[in-house]
Structure formats: C-alpha cells, structure tokens
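K.L.:
Just to be clear, the model below is a prediction. Sequence and coordinates:
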Amino acid sequence: MNITQLGRVLRNSAVLGLVLLIVLWPADAAGLDDSVREWSQGVWQSVLQSDGASLDSFDELLGDVPVPAGHETAVARFRDYFALHRANRDKATTLRHESRAEALEQMRAHIEADELSQALRSAVEVQTLSDNLDVALWDPEVQRIIAWARQEIPEVEADRRWLLGQELLFRLRTLYDETSEAEAYEELDEHLERVNRRVSLLSRYAPRRLHELRSQRAERRGDEPLGETIDAKSEAQRLSENAAMGLPPAAGDTPVIERRDRALFEGIF
C-alpha cells in the first residue's frame, strides 16, 4: 500500500484520533498517565509510517483507547462513535469488493466477446475498486487486455479509425494513472495527444470523414444513428460556386447538418 492510498484510508480515522488526543492531552505533558503517553505515541508512529501493518496498528489503537481519570464520559462517547465509524467503513469495503467482483465478471465477458474497448473500461473499473492500483495493473488478466490493446492500436491507426484509437488510448492510459509506471503513462499520454490533434484536424478540414467515424462509433456502441440533414443554404452556395467554375454539381462534399453527438471523451467513462 503506497502512502497516497494509506492517506486516503486514514483521513477520517486520523481526524478522530487527533480530536481525541486534544481531549486527552493535558496542558502539562508531565501529568500524562504512562498508558496514555504510550498510547498517543503509538498513534502518531502508526500515522507517520506508510505500510499495511501501520494501518492495522492505527485502527487497533483507536479502538482501544485508554481511560485517564476524569475523561471517562468523553472516551465512552468516542468509542461509540468510532465503533459506528468502523461499522460503516466495513460496510463500504464490503460493497466495494462486491462491485469489484461484478466488474471483474464484466471484464471477462468482454474478453470472451472480443470487445476490447469495453474490456479496457471494465479493467479500469476493477483497478479503481482494488486496494492497490499497481497490484491491479499487474494482474495477469489486466495485463492480457493491455497487451491486446497495444497490439490492436497500431492496426486501428493504420485503418485511420482515429476515434476508436482515441478511445482505446484514453482507457489504456487511465490504467497507468497514479501508479508507479510513470514512464508508461507519459508515453501513452503523448501518443493520445497526437491522436487528439489528428481528430482536431479532421474536425476542421474533413468534417464529413469525422462524421463517418462518429457514425461508426455510434454503431459500435449500439447508440442511435447520428443521421444526416443537408444544409440547404450551404448546398446552394456549393452548387453556385461549382457552376461559376465550370465544375459538375457532384464535385465537392455535400454540406450536412450533423446531429449533436458526444463530446471528445463523453461516454468513455
């Protein structure tokens, strides 16, 4: 468990512990009961460390608060509150594990159905719901999907299916986000930026081709077809310009009004 993930887990409990330390710590430190002094030192040591053992120790310490004279009521209230906090946390953990198991089943189903993009999406969900991002990244099934994506992306780009390539790269890059594999993340980030520029150029200079790619994406996702409506005013201008230059009416692209479709990364997650 890295320090970032430990910090997320400890955040709420650390606040509780800090409040309790303030309550129990007398103005005169020399007046501390030995058991309270030992307990408080153990709490801070477990917070300063960054491994799973320290997390377990921290949890045990907060659940076993000493009772200095004159603070019985405060400690009793804290113990009740911490017990409720622990129960809610355990319930949330159980729900997260159940959600991860469901996402894992979906990931395997997408692999079986040869659905790479959906498999990547499920892999990201499995990783997000895991205890450790790096461990989840190196799971054999996730690595199988990563290898599949790295093999497929060059073929997708060779076929100029830029929107699919953009989608695959975005999801693949996400698997490396906030992991120890910073170099792989940067490489994928740069690759994705190159594809983003190509899509931007298509939008500016080849909107009809981009519309075709978006229609293919809608079909692949099972979305409603985008459809086309001819832009009558622009079409009249095109025909007039063709006539003035002696070009046939079929020369050039017929301008269309495109139905609103998803934004750049809308629907990816």
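P.N.:
Okay, I see it.
K.L.:
so what's D223 up against?
P.N.:
R217 (C-beta atoms under 8 Å, 6 or more residues apart in numbering). C-beta: built from backbone N, CA, C; applies to glycine.
K.L.:
and the closest residue to G165 other than its chain neighbours, what element?
P.N.:
Nearest residue to G165, sequence neighbours excluded (C-beta to C-beta, 6 or more residues apart in numbering): V156, at 4.5 Å. Assigning secondary structure by DSSP states H and E places V156 in helix 140-158.
K.L.:
Report how many residues lie close to E115.
P.N.:
14 (other C-beta atoms under 10 Å).
K.L.:
let me fix that: L201
P.N.:
For L201, using other C-beta under 10 Å, the count is 12.
K.L.:
With V199 instead?
P.N.:
Other residues close to V199 by other C-beta under 10 Å number 16.
K.L.:
E167 is in contact with that one, correct?
P.N.:
No - in this structure, V199 is not within contact of E167 by C-beta atoms under 8 Å, at 10.7 Å.
K.L.:
and the one helix or strand A74 maps to with helix 140-158, angle?
P.N.:
If you go by DSSP H and E, A74 is part of helix 72-112. Angle of helix 72-112 versus helix 140-158, following axes from the mean of the first three to the mean of the last three C-alpha atoms, to 10 degrees, is 50 degrees.
K.L.:
pLDDT on helix 72-112, on average?
P.N.:
The pLDDT scores in helix 72-112 average 89.
K.L.:
Heading C-terminal from that helix, find the next helix or strand.
P.N.:
Toward the C-terminus, helix 72-112 is succeeded by helix 116-128 as the next helix or strand (DSSP H and E).
K.L.:
Run through the stretch 1-150 of the chain and note the low-pLDDT ranges.
P.N.:
Residues of the stretch 1-150 of the chain that meet the criterion pLDDT under 70 lie in 1-33, 36, 40, 43-44, 46-59, 61-63.
K.L.:
residue contacts, the residue nearest to E125 when sequence neighbours are not counted?
P.N.:
Nearest non-adjacent residue to E125, counting by C-beta to C-beta, 6+ apart: A103, 4.2 Å away. Neighbour list for A103: S122, E125, V126, L129 [criterion: C-beta under 8 Å, 6+ apart].
K.L.:
Is there a neighbour count for the nearest residue to the last one once chain neighbours are set aside? I'd like the number.
P.N.:
Spelled out, that is L129. Leaving aside its chain neighbours, L129 sits nearest to R100 (3.8 Å; criterion: C-beta to C-beta, 6+ apart). For R100, the count of nearby residues is 18 (other C-beta under 10 Å).
K.L.:
before we move on, what about the one 5 residues further on?
P.N.:
For E105, the count of nearby residues is 12 (other C-beta under 10 Å).
K.L.:
can you list the domains in this protein?
P.N.:
Domain ranges of the chain: 3-98, 103-226, per automatic domain parsing.
K.L.:
Nice, that's everything, thank you.
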